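Asks: here is my input, please return the structure:
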Amino acid sequence: MSFMIKSGQKVVCIGDSITDCGRRAESAPLGNGYVKYFNDLVVAHYPERNISVINKGISGNTIIDLENRWEDDVIYHRPDWLTILIGINDLHYVLRKDPNWQECVSEKFAQRYEEILAETKNKLKCGIILLEPFYISADSSNKWRSSVLSELKKYVSAVRKISEKFGTGLVKLQEIFQKQLKYRDSETFCPEPVHPNTSGHILIASELFEAFKT
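Replies: Coordinates of the predicted model:
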């Protein structure tokens with residue numbers, strides 16, 4: 001099974017805080033999360049390949065923010081490969097009824113997601129891998145967590161349908177973490193359900209790495 005990223009190619013990883021992980025501050029330029037560990041895996045397994053990984057995560061971002069900065073942070077770099085992880089902030093906006101929450105409902109989320117992918121397909125010839133939004137909890141007895149898990153299904157479903165429509169790769173992170181939680185408690189992977197710890201980020205990175213083999 002061959003690794004799809006060739007020498008000389010560029011990978012842009014875009015998303016929210018889970019992607020950001022300090023990449024604009026003390027952990028520049030790749031952050032201290034899954035993007036860094038993904039790059040480490042690439043270097044470890046393919047030292048002979050000159051592969052460039054760029055982190056374009058920004059903490060707090062929703063799909064609206066990605067749409068607003070797509071030209072500067074994706075199209076400008078003309079990547080050969082693009083990975084996208086977004087959605088958990090959109091979901092939180094809706095549940096908390098934060099300002100602009102109606103623009104973040106799953107239907108609007110899907111619409112904007114499709115628009116940026118259509119733009120990407122039109123302007124670039126790059127491979128794309130979508131990462132599902134996730135929530136590292138199986139606690140349905142907690143009212144808030146139960147609400148998040150229930151609402152999250154809409155966003156996960158949207159990403160899966162978009163992936164199928166646009167023929168992208170897909171990393172089913174919610175499914176992957178829920179499988180892990182059958183054998184380990186949530187604190188193995190996170191201090192709280194949204195932001196993974198080192199083990200959680202390594203799991204994401206390894207799953208993304210494997211996605212480039214299929």
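
Asks: neighbours of Phe3, how many?
Replies: Per other C-beta atoms under 10 Å, the neighbour tally for Phe3 reads 14. Bear in mind the C-beta positions are built from the backbone N, C-alpha and C, glycine included.

Asks: gap between the closest residue to Pro193 other than its chain neighbours and Phe189?
Replies: With C-beta to C-beta, 6 or more residues apart in numbering as the criterion, Pro193 has its nearest non-adjacent residue at 4.2 Å, and that residue is Ser137. For Ser137, the distance to Phe189 equals 10 Å [C-beta to C-beta, to the nearest Å].

Asks: can you map out the helices along this protein?
Replies: Remark: helices assigned in the chain by DSSP state H are 17-20, 34-45, 63-73, 88-96, 106-123, 143-166, 173-180, 198-211.

Asks: Gly60 and Asp90 touch, don't they?
Replies: No - using C-beta atoms under 8 Å as the test, Gly60 is too far from Asp90 to be in contact (11.1 Å).

Asks: contacting residues around Lys10?
Replies: 51-54, 77-81 (C-beta atoms under 8 Å, 6 or more residues apart in numbering).

Asks: among those residues, who's most crowded?
Replies: For the contacts of Lys10, neighbours were counted by other C-beta under 10 Å; the highest total belongs to Pro79, with 24 neighbours.

Asks: tell me how far it lies from Asn55.
Replies: 12 Å.

Asks: quick one, what contacts the residue most central in space within the chain?
Replies: Using C-alpha atoms, centre = their mean, the residue of the chain that lies closest to the mean C-alpha position is Leu85, 1.7 Å off. Contacts for Leu85 (C-beta under 8 Å, 6+ apart) come out as 13-16, 18-19, 57, 130-131, 133, 173.
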